[in-house]
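# can't give you the sequence, but here's the structure:
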């Protein structure tokens, strides 16, 4: 478990249980007591008010009114929030869209300038549309959690992306394409890539992509993607 995930787990555990021991938290996150004590100190430095009793068996308690002083979100995390809201809005099932937009706007404002530029570059590649009612969804699977991180390297660094792909007939191939856009047709998500070997655009369902990775020391130019008329860029939503 990485540091960010450990910190999130500790905070959630303390909010849920009220009081916990260092040993219990160590078991939950799969780390040593010393590591958890360092994590507690780091959380306090971030603004969380965590009380503790002295002694090996003493407990720790998170002040119920305590909040993190600053949001430390990565560009992919903010991007994931934005595209999730965009997908729900496109599907017509986001009942509190105004509140969601206001909250996301506050998160965006908290980003440093360089991260904001990266976020805009991400959003420039995002398009939303409506899925055909005739689309077969019986074989829909889960997306690889590594996909968005690979996209960060590929889209922002303008590097080709390599992945294993399973097509509709179940055939497996290794593909290497230029990531030109992301297309959301709820509930399906697609990577729109220019395939140099086929000299054309290809749409890849993200739930069929495995082992994605940015190709180092590669580069490509942005191309105009010929979307259908009912597809629009995220900025037009």
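Perfect, thanks for sending it. Here the structure is a predicted model, which is why all the values come from computation and not from measurement. Residues are numbered from 1 along each chain as shown.

# same for the lengthiest strand in the chain, what does it pack against?
For the chain, the strand with the greatest residue count under DSSP state E is strand 172-185. Using 3 or more C-beta pairs under 8 Å, 6 or more residues apart in numbering; DSSP states H and E, the elements in contact with strand 172-185 are helix 75-91, strand 126-128, strand 161-166, strand 188-195, strand 200-205. All C-beta spots, glycine's among them, are computed from the backbone N, C-alpha and C.

# was I right about residue 163 contacting residue 210?
Yes. Between residue 163 and residue 210 there is a contact at 6.5 Å, judged by C-beta atoms under 8 Å.

# mind listing what's buried in the host helix or strand of residue 42?
Using DSSP states H and E, residue 42 falls within helix 33-45. The neighbour-count check on helix 33-45 (16 or more other C-beta atoms under 10 Å) flags 35-37, 39-40, 43 as buried.

# Lowest-confidence member of these, which is it?
Across the buried residues of helix 33-45, the smallest pLDDT goes to residue 43, namely 87.

# Could you verify my assumption that that one touches residue 7?
Yes. With contact defined as C-beta under 8 Å, residue 43 counts as touching residue 7 (5.9 Å).

# would TSV of the buried residues of helix 33-45 with distance to residue 123 be doable?
Formatted as TSV, those follow (distance: C-beta to C-beta, whole Å):
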residue	distance to residue 123
35	37
36	37
37	40
39	33
40	36
43	31
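
# where does the protein dip in pLDDT?
Low-confidence segments of the chain (pLDDT under 70): 54-58, 65-73, 86-87, 89-94, 97, 110, 235-237.

# the domain parsing of it - what is it?
The record's domain split for the chain, according to automatic domain parsing, is 3-62, 75-236.

# still on that earlier bit, now mean neighbour count and distance to residue 173 too, for the helices and strands packed on strand 172-185, in a markdown table please.
Formatted as a markdown table, the helices and strands packed on strand 172-185 follow (neighbours: other C-beta atoms under 10 Å; distance: least, C-beta to C-beta, whole Å):
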| stretch | mean neighbour count | distance to residue 173 |
| --- | --- | --- |
| helix 75-91 | 18 | 26 |
| strand 126-128 | 21 | 25 |
| strand 161-166 | 19 | 6 |
| strand 188-195 | 20 | 11 |
| strand 200-205 | 16 | 11 |
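
# and these as a markdown table, adding distance to residue 148?
A markdown table is the format used below for the helices and strands packed on strand 172-185 (distance: least, C-beta to C-beta, whole Å):
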| stretch | distance to residue 148 |
| --- | --- |
| helix 75-91 | 5 |
| strand 126-128 | 12 |
| strand 161-166 | 12 |
| strand 188-195 | 10 |
| strand 200-205 | 15 |
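
# Among the ones you listed, which comes closest to residue 116?
helix 75-91 (8.8 Å; C-beta to C-beta).

# now for that closest one, which elements pack on it?
Against helix 75-91 (3+ C-beta pairs under 8 Å, 6+ apart) you get helix 97-110, helix 113-123, strand 126-128, helix 147-151, strand 172-185.

# wait, which of these is closest to residue 26?
Of all these, helix 147-151 comes closest under C-beta to C-beta, at 27.4 Å.

# In that closest one, which residues are buried?
147-148, 150-151.

# ok, those residues vs residue 48, which is closest?
Nearest member of the buried residues of helix 147-151 to residue 48, counting by C-beta to C-beta, is residue 148, at 26.8 Å.
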